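A.B. asks: got a structure for you, letters missing:
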């Protein structure tokens, strides 16, 4: 087996030029390919390879964290986990992930469909674009992938084999465990934040209830191996057109609690909401703000509806068996169990959403939503609202009962009626 | 590798006669060994092998469930999980498991120290014997094994490797999932119960809240991979003298919620409590009943104290890190998190204890505590109390706040003040 070697713009055509899955797509003469490196994420190389007949994406893991450098090694095997997660997501919600063309485990290379004219959802939201389909598409995606990867649906033997497979994704899981749940709450070496935030940062780090809650959520994340998560499901992991939505980059995939993906995803819409006042150079964003809260609401309500449909139609795993409920004519018992489960996901989702907000403003990996606000004072004002909002929903998660409450809270915080 | 072959009393000396770990213990001439088969469990062969110099136990798995027969195949690999669990338990609470002498994975054979004059704890309790050390020993055992196998203590990489290793124990886990959490609540083929129970059985199977709760607990068991469980920790898995306590038979070992081992263990004392009135042929058992409730109380309070000590002294895993609490002078934050965790274990422990009671009376694997009551009407009366007690604590687990409440409840049910 050839040792790992990072691709370059120059070497790529030679190295991949004999792969039928690629040549069949873009043309069989690698000399006619044009290659650009476009990776703007934190971890990997990403190439756009264009040939006479078409274009593909070539993604290659590096043996270290690209954002930090070789001082932070990271296993190539994350590419294996990403590939395996993409395969499962494609089965569980067809059409919502890029088509897979080729996978080379030793070289940590995944070749995928080039999505065009898609853009990263986060960029679109920063620009103030309203995508009409994402609430529906993403709500269904989380319901289908989370339900169908769990003991509600899968054969237990297969779920346990998958659990064991993904349990080896230790290093990426470690990033989540530290960067999401712990680093924001103490003076960790890789933290950074906008200068104007010193006061609120000190307040959050002295906030015992918040820190205990963040650690309870970490415990939940580390222990509750409920389903295969995307693991990094934010608006930077979604590519969109007005008509199409695709979810990418599941290299953080691991078995974890359903509420983690739900909360991280929805939190990124709430962060976008609080960032909008930093992007009003071309006019007010009131309509965009309404759109963002409505989309978060829609994701949740679509998730809830689709999860409920799957519960009623595809619940054939070992949990909440029909033999105890429907088969005895007790459909209301099954509905009672469903409501309990959705209520638990709601409560935990708010917790994960709250701390996601913190780590994106105080930790290592920041959000472009805020980072692209050049005026530091304005950025700090936006971030302060998001931080306080995150603290409120994380700590009070068992006392907040509806999306209407959240929308009202966000609007009142945006207008500084409560602060 | 030699194909699996079941040992017999006749073949054992020949087959194990060259194992130095055995000959060194009992004598090197197998012709002088005497062998008895004494397996009274549900699954395996167990031999006592006595030689001129000493005695050992030889336990061998069979490729089917002994209790049911060859129609129910069961993988030999359970012996591998048992061995690995015993190794870990011996590290985590030294002296509480039998000494391991030899393991043959292909033949599914574990050779262990012969414990003498130990008896099975359940037998001792049926006879009305009060063991003075078990509350302390078993409370410490669950605290130490559960704490030290979790992300509170272990290096996460090692915990995840163990999680993956034990995730393959699918078939034994499946037995727990079905026999404990589901079968008692519908007309499953392998169920059986004392004739006089038809009324209360019908009542329990029509009890929606109970069935939903049992399934929530099944969900918790299947999803919350928090620590390495013993997995079958009842009074039949404990061997005792007045001075010594040993825990045996961890072949159901799997990563699961801490509260499962705690609840199953304590439930077996409560079942023994309700069975005592079936064993009063030689006089009243009032003192024994007091002892059993006090011992359940002691197990819990020792567990709580030892778990708290370990939390303060050995919490070096990724959860509830000192960097967020003690290192910032916030020891009260750490205590707040500890109390939250113990409160959660308490609540879930009551749930698992409640349904353990049901499956031991209504499912496949019954308890000798009740089974040895020859008078069917008397047995049914004892079992009815235990069933109703189990239902009450399982469904009301978040409303019951102390062991004093439980002891009071049990006493009032025993006297039929409440029924």
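C.D. replies: Yep, it's here. All of these numbers come straight from a predicted model, not from anything done at the bench.
A.B. asks: what comes up buried for the helix ranked longest in chain A?
C.D. replies: The longest helix of chain A (DSSP state H) is helix A:331-362. Neighbour counts using 16 or more other C-beta atoms under 10 Å in any protein chain shown place A:333-334, A:336-338, A:340-342, A:345-346, A:348-362 of helix A:331-362 among the buried residues. Using the backbone N, CA and C atoms, a C-beta is placed for each residue, glycine as well.
A.B. asks: show me which of these neighbour chain B.
C.D. replies: Applying C-beta under 8 Å from any C-beta of the partner chain, the subset of these adjacent to chain B comprises A:333, A:336-337, A:340-341.
A.B. asks: okay, the residues you listed in a markdown table with pLDDT next?
C.D. replies: Formatted as a markdown table, those follow (pLDDT from 0 to 100):
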| residue | pLDDT |
| --- | --- |
| A:333 | 97 |
| A:336 | 98 |
| A:337 | 98 |
| A:340 | 97 |
| A:341 | 98 |
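A.B. asks: out of those residues, who's nearest residue A:370?
C.D. replies: Relative to residue A:370, the closest of those is residue A:341; by C-beta to C-beta it sits at 33.8 Å.
A.B. asks: In contact with the closest one, which residues?
C.D. replies: A:311, B:219 (C-beta atoms under 8 Å, 6 or more residues apart in numbering or on different chains).
A.B. asks: Show me the strands in the stretch 1-150 of chain A, by range?
C.D. replies: Assigned by DSSP state E, counting those that start in this stretch, the strands in the stretch 1-150 of chain A fall at A:34-37, A:44-50, A:55-61, A:64-65, A:69-73, A:100-104, A:109-113, A:119-120.
A.B. asks: Let me see the residues that make contact with the fifth one.
C.D. replies: Outside strand A:69-73, the residues within contact range by C-beta under 8 Å, 6+ apart are A:63-65.
A.B. asks: most surrounded residue in the residues you listed?
C.D. replies: Counting neighbours by other C-beta atoms under 10 Å in any protein chain shown, residue A:65 comes out on top of those with 18 neighbours.
A.B. asks: OK, contacts around that residue?
C.D. replies: Neighbours of residue A:65 in contact, by C-beta under 8 Å, 6+ apart: A:42-43, A:72-74.
A.B. asks: The one residue sitting closest to the centre of chain A: what's it in contact with?
C.D. replies: Centroid check for chain A by C-alpha atoms, centre = their mean gives residue A:233 as the closest residue, at 0.7 Å. By C-beta under 8 Å, 6+ apart, the residues touching residue A:233 are A:142, A:247, A:261, A:264-265.
A.B. asks: Take those residues and write them to a markdown table, including neighbour count and distance to residue B:187.
C.D. replies: Output for the contacts of residue A:233, formatted as a markdown table (neighbours: other C-beta atoms under 10 Å in any protein chain shown; distance: C-beta to C-beta, whole Å):
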| residue | neighbour count | distance to residue B:187 |
| --- | --- | --- |
| A:142 | 28 | 37 |
| A:247 | 23 | 44 |
| A:261 | 26 | 38 |
| A:264 | 28 | 43 |
| A:265 | 28 | 42 |
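A.B. asks: Tell me the one among the residues you listed nearest to chain B.
C.D. replies: Set against chain B, the nearest of the contacts of residue A:233 by C-beta to the nearest C-beta is residue A:261 (14.7 Å).
A.B. asks: Does the closest one touch residue A:231 like I think?
C.D. replies: Yes: with contact defined as C-beta atoms under 8 Å, residue A:261 and residue A:231 form a contacting pair (7.4 Å).
A.B. asks: what angle do the helix or strand hosting residue A:290 and helix A:331-362 make?
C.D. replies: Using DSSP states H and E, residue A:290 maps to helix A:286-314. When axes from the mean of the first three to the mean of the last three C-alpha atoms, to 10 degrees is applied, the directions of helix A:286-314 and helix A:331-362 differ by 140 degrees.
A.B. asks: Please work out the average pLDDT along helix A:286-314.
C.D. replies: Helix A:286-314 shows a mean pLDDT of 98.
A.B. asks: Tell me if that helix is near chain B.
C.D. replies: No: counting by C-beta under 8 Å from any C-beta, chain B is not contacted by helix A:286-314; separation bottoms out at 12.3 Å.
A.B. asks: Pull out the buried positions in that helix.
C.D. replies: For helix A:286-314, using 16+ other C-beta under 10 Å, the buried residues are A:288-289, A:291-293, A:295-300, A:302-304, A:306-308, A:310-311.
A.B. asks: Show me the domain layout of chain A.
C.D. replies: Split into domains by automatic domain parsing, chain A comes to A:12-113, A:119-414.
A.B. asks: just the ones you listed: most buried one?
C.D. replies: Between the domains of chain A, domain A:119-414 has the highest mean count of neighbours, a mean of 20, where neighbours are mean count of other C-beta atoms under 10 Å in any protein chain shown.
A.B. asks: Low-confidence stretches in chain A?
C.D. replies: By pLDDT under 70, the weakly predicted segments of chain A are A:1, A:41.
A.B. asks: do that again at 90, thanks
C.D. replies: Along chain A, the parts satisfying pLDDT under 90 run over A:1-2, A:39-43, A:64-72, A:419.
A.B. asks: Run through who's touching stretch A:289-299.
C.D. replies: For stretch A:289-299, the surrounding residues in contact (C-beta under 8 Å, 6+ apart) are A:125, A:130, A:134-136, A:138-139, A:142, A:265-266, A:269-270, A:272-273, A:276, A:403, A:406-407, A:410-411, A:414.
A.B. asks: ignore the last one, stretch A:303-317
C.D. replies: Applying C-beta under 8 Å, 6+ apart, the contact partners of stretch A:303-317 are A:139-140, A:142-144, A:146-148, A:150-156, A:159, A:262, A:320, A:322, A:334, A:338, A:341-342.
A.B. asks: Kindly report the same for stretch A:181-199.
C.D. replies: Here stretch A:181-199 has contacts from A:68, A:178-179, A:201, A:204-205, A:210-211, A:214-215, A:217-218, A:221, A:355, A:358-359, A:361-364, A:366, A:370, A:376-377, A:379-381, A:383-384, A:387, B:318, B:321, B:323-324, B:327-328, using C-beta under 8 Å, 6+ apart.
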